[in-house]
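Colleague: predicted model, plus sequence, below.
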Amino acid sequence: MESLDGLIETPGFAESSVRSLREPQTRIPRTVFNRATALERAPEHLRPVYEDLFREIDTLELTLNFYELFCGKRKLPPREQLIARFSAEEQTRLNERALHLSQYKYLKMKHLLVELRAQ
């Protein structure tokens, strides 16, 4: 951190760029993604693509949640809303898959989940 005197002597320094710490910070409103709205606004030919993407995201998320429960990284069970999207058979299959994950595969799946959500 430079001193104020050092900053003033810097050739590119402008006093207008200095802000008081007491000034309120600008807030950027956080927009929450809504799947139903995204599907409504999507063109007809993209809806199946979105639905497949959402299904893949849900599958990854539930598998990761089961793994985290198994390893003790998570205390609470997966969200009811997420569990409701899968049949009991699918839940069992994903739970068994999670039991056989290694730490490496878990981290790869976490990265894939982030990439899919960015899409």
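Modeller: Nice, thanks for sending it over. Numbers count the residues shown, from 1 in each chain.

Colleague: quick check: which ranges of the chain have low pLDDT?
Modeller: Applying pLDDT under 70 to the chain flags residues 1-2, 4, 7, 13, 15-21, 23.

Colleague: please repeat the previous calculation with a cut-off of 90.
Modeller: The chain contains residues with pLDDT under 90 at 1-42, 70-79, 82, 99, 101-102, 106, 114, 116-119.

Colleague: by contact count, what packs against the longest helix along it?
Modeller: The residue-count maximum for a helix in the chain (DSSP state H) belongs to helix 47-71. In terms of contacts (3 or more CB pairs under 8 Å, 6 or more residues apart in numbering; DSSP states H and E), helix 47-71 is packed against helix 35-41, helix 80-83, helix 88-99, helix 103-118. Using the backbone N, CA and C atoms, a C-beta is placed for each residue, glycine as well.

Colleague: and those, which is most packed in?
Modeller: helix 88-99 (a mean of 14; mean count of other CB atoms under 10 Å).

Colleague: just want the angle from it to helix 47-71.
Modeller: Calculated by axes from the mean of the first three to the mean of the last three CA atoms, to 10 degrees, helix 88-99 forms an angle of 60 degrees with helix 47-71.

Colleague: and helix 88-99, how far out from the chain middle?
Modeller: 22 Å (CA atoms, centre = their mean, to the nearest Å).

Colleague: wait, doesn't residue 97 sit right on residue 65?
Modeller: No - the criterion here is CB atoms under 8 Å, and residue 97 misses it with residue 65 at 12.0 Å.

Colleague: what helix or strand does residue 26 sit in?
Modeller: According to DSSP states H and E, residue 26 maps onto no helix or strand at all.

Colleague: roughly how far apart are it and residue 63?
Modeller: Using CB to CB, to the nearest Å, residue 26 is found at 39 Å from residue 63.

Colleague: for residue 73, see how far away the residue lying closest to residue 112 once chain neighbours are set aside is.
Modeller: Counting by CB to CB, 6 or more residues apart in numbering, residue 60 is the residue found nearest to residue 112 once chain neighbours are left out, at 6.4 Å. Going from residue 60 to residue 73 by CB to CB gives 16 Å.
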